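1. No letters, just coordinates:
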């Protein structure tokens with residue numbers, strides 16, 4: 001865990017309410033796909049946790065959705081703005097379990113961490129299938145970026161305005177060795193039932209401190225409560241208990 005000053009290089013809108021931010025700074029604490037960072041914003045007591053989309057050298061890519069006052073402020077930050085960013089947070093995905101043909105499933109703002117994960121798996125010689133789920137066509141982002149990496153990509157929209165009509169569970173491939181996912185809770189529960197292999201879920205709980213002190217993001221598992229920010233955000237399929 002490391003608190004570092006990053007400088008905004010770019011901050012652009014890429015879909016409805018969705019922005020891509022490039023930051024330059026010390027990325028050495030970011031080790032694994034699936035980690036997140038916590039950004040300090042002027043005027044806000046709590047930091048904003050954002051999943052790592054990509055990291056190349058000293059450039060960090062974040063993709064976020066405007067859902068409240070904090071992310072609204074983020075969307076207006078211009079190039080040259082300096083931000084205090086806590087990096088090296090979260091346990092990330094375990095790539096050793098992927099097998100030869102892993103499946104990656106991202107829903108909405110759960111899509112970004114799938115990008116770095118795809119790059120890491122492809123670098124290991126894996127055949128990567130990706131399913132991206134959105135509500136409507138104007139929310140779709142990063143479809144072309146995943147295809148450019150060499151992934152087999154399927155996109156679903158609830159209203160059928162782009163790709164397969166329906167949910168991510170309507171576009172799952174027949175054959176895959178393991179799966180990784182990030183997205184909203186209803187999607188998680190559907191995937192839990194629809195998938196035929198083991199897998200890893202990256203949860204998006206609301207967080208306070210971001211490093212395990214406040215217990216605000218605890219979730220129940222077969223071995224007791226785990227803090228999503230510290231013990232997660234990635235949990236294995238076999239340890240998850242769903243609330244009634």
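-> Happy to help now that I have it. Keep in mind it's a predicted model, so treat the numbers as computed, not measured.

2. per-residue confidence at the closest residue to residue 91 other than its chain neighbours?
-> Nearest non-adjacent residue to residue 91, counting by CB to CB, 6 or more residues apart in numbering: residue 234, 5.4 Å away. For glycine as for every other residue, the C-beta is placed from the backbone atoms N, C-alpha and C. Note on residue 234: pLDDT of 85.

3. can you check the one 5 residues further on too?
-> With respect to pLDDT, residue 239 has a value of 79.

4. Please tell me how far it sits from residue 70.
-> Separation of residue 239 from residue 70 (CB to CB, to the nearest Å) stands at 31 Å.

5. who's the residue nearest to residue 91 bridged to?
-> residue 202 (DSSP bridges).

6. Show the low-confidence segments of this protein, by residue range.
-> The chain contains residues with pLDDT under 70 at 204-232, 241-244.

7. right, and the helix or strand after the longest helix anywhere in the chain?
-> The residue-count maximum for a helix in the chain (DSSP state H) belongs to helix 112-123. Once the chain leaves helix 112-123, the next helix or strand it forms, by DSSP states H and E, is strand 129-134.

8. what packs against that next one?
-> If you count contacts as 3 or more CB pairs under 8 Å, 6 or more residues apart in numbering; DSSP states H and E, strand 129-134 packs onto strand 102-107, helix 112-123, helix 143-149, strand 152-157.

9. Could you single out the most deeply buried of those?
-> Most buried of those, by mean neighbour count (mean count of other CB atoms under 10 Å): strand 102-107, with a mean of 28.

10. wait, what's in contact with the closest residue to residue 6 other than its chain neighbours?
-> Spatial nearest neighbour of residue 6, chain neighbours left out: residue 25 (3.4 Å); criterion: CB to CB, 6+ apart. Contact analysis of residue 25 by CB atoms under 8 Å, 6 or more residues apart in numbering lists 4, 5, 6, 7, 58, 60, 85.

11. Include neighbour count and distance to residue 76 when you put those residues into a markdown table, please.
-> Shown next, in a markdown table, are those (neighbours: other CB atoms under 10 Å; distance: CB to CB, whole Å):
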| residue | neighbour count | distance to residue 76 |
| --- | --- | --- |
| 4 | 18 | 22 |
| 5 | 12 | 19 |
| 6 | 24 | 17 |
| 7 | 14 | 16 |
| 58 | 13 | 24 |
| 60 | 25 | 19 |
| 85 | 25 | 17 |
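
12. Can you tell me which of those residues is closest to residue 15?
-> Nearest to residue 15 among the contacts of residue 25 is residue 60, at 19.8 Å by CB to CB.

13. That'll do, ta.
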